Structures are given as C-alpha cells and as structure tokens.
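Visitor: take this sequence and fold it.
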Amino acid sequence: MKKIAIIGAGVAGLEAGHVLARKGHNVILIEQKNTTGGNVRNWDRLFPNQREASEVYQPLIQQAVNDKLRILTDTVVMSAKYEKNTHRLTLSNGETLNVDAVLISSGFRVFDAHRKEEYGYGIYHDVITSADLEKIMAVNQKVRTTKGKEPKRVAFVHCVGSRDEKVGNTYCSKVCCVTAVKQAIEIKQLYPDAEVFCLYMDLRMYDRYFEDLYREAQEKYGVTFIRGRLSEVAESFDDRLQIKTEDTLRGKPLKFNVDMLVLMTGMEPTSLAELLATEFNIHRGDDGFFTPEDEHVNFNISRREGVFLAGTCKGPKNIAETIADARSAAETIINYLK
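Guide: Here you go, the predicted model:
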C-alpha cells in the first residue's frame, strides 16, 4: 500500500481519491477550506440541463466517507521536501506527512469583481456576480432587488475578469457564456414578463447541447443578446442602474436602465498556487495556472518527480472535464507507483 497526498478536496480531489482508494492506496485529502466539495457547493443548478449541483457534489463527498479517506480541512501544506522517492510535507496543523506521491488539485477561485470598478460591484445596489445569483437561488429560488421587488429588467455581462488585459487575465474562463445563458433562462422562468439581456464579446458555446441552450434562450424565452463590452454603470435618478455599452453588430452606442446587473465572473488560480509552485518547484504559466510536463500527452504530470496535477489548477474546465481529468491523474499515479 502506497501513501498519496491530495491537495484540494474539490471535485477533482474527491474523484481522484476515490479511484486511488479503490486500488488499495492510502489517501490523505488536504483541504484549505473548512468543507469539501469545492466551488460546485456554491452553485444551485448546472448547465446545460439545470441539474441540481448537490446531485454532483454530495455523492462525491459520500464516496470519500465510504472509502474512509482521511480528510484534513482548514489545512495547508506549508513546505515540501523530496528525498529518496519520498515527499515530506509539513502542514499548517503542525503535522508532518511522508508520502510516495502528491496530487495537486487545488482548483480555482472566482474572480473578484471589485477589481472592475467601472461595473459598480460593491458600489451600487443590485450589481451582483453570477456566483451571488447562484447563492440567492439556492436559498429560496427567488430573486429580488435590494428593495424587495421582482426585477423587471436584468442584464448579464460576460467576460468579467476574463479576456481582459486590464486585469491581467487574457484567457477565456470557458464556462461563463453558457452559465450566463443558463441563468438568463432561469430568470425568465421565474419572471416570464421580465426583459433579460446578455452583453457579450463573443459567445463560446463549445460543447454538446450548449448551442441548443443558446437557441432556446432566444426562441423560447426571448432573451436579447447584444454584442459589445459594457463601458460604464451608474445609478439613475430612480435608483435603477444605467448601463452604457455599444452594439458592435449595428455600430451604435446604447444606454438603458436595468433593475439588476449580473457580472459573469471567471476563474483565477487559487491563493495557494504561488506557495505550492514554490514548495514543489513546479511551473506556472503566465496566467498563473500550473503547467504540466506536456499539455498533450503528459497533462497530469508536473515537472517534479512524483508530483501530479488534476482539474482546474491547470486552467478553466467544466465539471465533466474536471472529473475525467481527475480519473486520468489517478491512473497516471497508479502506473507511476508500480
């Protein structure tokens, strides 16, 4: 029996831990937060079929319980040394672990929308993020303005913190477009008479059923899509939000009021990424995500002996891609330990 430390107990860490445990290995999950399940715990429903997020993360958590994995929450790897095929990890709880392999599945963090001051997050009422909207809907399946009213006009802004040189994130976060379409449909399902707008740069509906969802949003629910980046948000005299943008397809500036503005925040590397890169001596790209040894054929192997990578610590992924990558990483570790 070999001992493996998995850093990060989100979707990737839990699934990889399950595969490794089934092969008889001793798995220790090390999670910075006080709960397991990762970012998906903060989601209400998932694209493209509006499946409840709990149907995905709860079975993963239960798997870990059934497999009797050791789980350390509120814990961080503070230092890592490698000698004689053994990784010696010093943890923030004072414990030291000697393991045969390490899997980094530290995930991502949601972009902080305060950094886009021109969008008014944290400044104006009723400017929220896509993550905020999921939390609201998870609690009571109702959406209200700060004055307790049903929103009559809602606008979704794509690419907040992604494809943006100003904030240093030039990459696409991959899931924001389809999340915006999903959430726009959900608002229309709640309030059929509401006007809903999606302000986008380019729609990247890349996966199976995503294009169908986009067509459904227009044809069945009447969501309006406007190609153009939002330039400015301000409060109007009636405490609504006045937004300024441009319809680049028509070449005309637009200015109109909405009751709620939803910012589609993208993915960024976690705050742990720099520490882990330093301690394990593994490479990060210009975007801050970890870079595998070979992005085509060795995409779960880092450039450090016995250290492997899985999930969104390497870049934006959806849940299905993350689970598949976790299983691949687990099998790669199994072969390495042989």
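Visitor: mind listing the helices for the stretch 51-200 of the chain?
Guide: Taking DSSP state H, counting those that start in this stretch as the criterion, the stretch 51-200 of the chain contains helices spanning 54-66, 130-140, 176-190.
Visitor: how about those in JSON lines, adding mean pLDDT and distance to His18?
Guide: Heads up, the C-betas are built off the backbone N, CA and C, glycines and all. Shown next, in JSON lines, are the helices of the stretch 51-200 of the chain (pLDDT from 0 to 100; distance: least, CB to CB, whole Å):
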{"stretch": "helix 54-66", "mean pLDDT": "96", "distance to His18": "5"}
{"stretch": "helix 130-140", "mean pLDDT": "93", "distance to His18": "25"}
{"stretch": "helix 176-190", "mean pLDDT": "97", "distance to His18": "27"}
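Visitor: can you say which of the ones you listed is nearest to Leu263?
Guide: Closest approach to Leu263 among those is made by helix 130-140 (6.8 Å; CB to CB).
Visitor: how about that closest one, which residues are buried there?
Guide: By 16 or more other CB atoms under 10 Å, the buried positions in helix 130-140 come out as Ser130, Ala131, Asp132, Leu133, Glu134, Met137, Ala138.
Visitor: likewise for stretch 289-301?
Guide: Within stretch 289-301, the residues that count as buried by 16+ other CB under 10 Å are Phe289, Phe290, Thr291, Pro292, Glu293, Phe299, Asn300, Ile301.
Visitor: circling back: closest to Ser271 out of the helices of the stretch 51-200 of the chain?
Guide: That would be helix 130-140 among those, by CB to CB, at 16.4 Å.
Visitor: now do the closest one: which elements does it pack against?
Guide: Secondary-structure packing of helix 130-140 (3 or more CB pairs under 8 Å, 6 or more residues apart in numbering; DSSP states H and E): helix 176-190, strand 260-265.
Visitor: what about the helices in the stretch 201-338 of the chain?
Guide: Under DSSP H, counting those that start in this stretch, the stretch 201-338 of the chain gives helices at 210-219, 273-280, 319-337.
Visitor: for the longest one, list every residue counted as buried.
Guide: Neighbour-count burial for helix 319-337, counted by 16+ other CB under 10 Å, picks out 319, 321-323, 325-330, 332-334, 337.
Visitor: around Pro231, how many other residues sit close by?
Guide: Residue 231: Ser, not Pro. Neighbourhood size, Ser231 [other CB atoms under 10 Å]: 14.
Visitor: distance check, it against Gly266.
Guide: 19 Å (CB to CB, to the nearest Å).
Visitor: what's the answer for Ser302, then?
Guide: Here Ser302 is placed at a distance of 24 Å from Gly266 (CB to CB).
Visitor: can you give the contact residues for the host helix or strand of Gly17?
Guide: According to DSSP states H and E, Gly17 maps onto helix 11-22. By CB atoms under 8 Å, 6 or more residues apart in numbering, the residues outside helix 11-22 that reach it are 4, 6-7, 9, 27, 29, 31, 36-38, 40, 56-57, 60-61, 63-64, 67-69, 103, 105, 107, 310-313, 319, 322-323, 325-327, 329-331, 333-334.
Visitor: pull out the buried members of these.
Guide: Buried among the contacts of helix 11-22 (16+ other CB under 10 Å): 4, 6-7, 9, 27, 29, 31, 36-38, 40, 56-57, 60-61, 63-64, 69, 103, 105, 107, 310-313, 319, 322-323, 325-327, 329-330, 333-334.
Visitor: Glu305 against Tyr82, yeah?
Guide: Yes. Contact criterion CB atoms under 8 Å: Glu305 and Tyr82 qualify, at 6.7 Å.
Visitor: mind listing the strands in the stretch 151-300 of the chain by residue range?
Guide: 153-160, 195-200, 224-227, 232-235, 241-247, 252-258, 260-265, 267-269 (DSSP state E, counting those that start in this stretch).
Visitor: can I get the third one as CSV, trimmed to CA atoms?
Guide: Written as CSV, here are the backbone C-alpha positions of strand 224-227 (Å, rounded to 0.1, in the frame of the first residue of the first chain):
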residue,chain,number,x,y,z
THR,A,224,-31.9,39.6,-26.0
PHE,A,225,-28.2,39.1,-26.9
ILE,A,226,-26.2,42.3,-27.6
ARG,A,227,-22.6,42.0,-28.8
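Visitor: what pairs with it, parallel or antiparallel?
Guide: strand 195-200 (parallel) (DSSP bridges).
Visitor: run the chain-centre distance for the partner strand.
Guide: Strand 195-200 has its C-alpha centroid displaced from the chain centroid by 22 Å (CA atoms, centre = their mean, to the nearest Å).
Visitor: ok and it relative to helix 210-219, angle-wise?
Guide: Orientation check (axes from the mean of the first three to the mean of the last three CA atoms, to 10 degrees): strand 195-200 against helix 210-219 gives 140 degrees.
Visitor: fine by me, thanks again.
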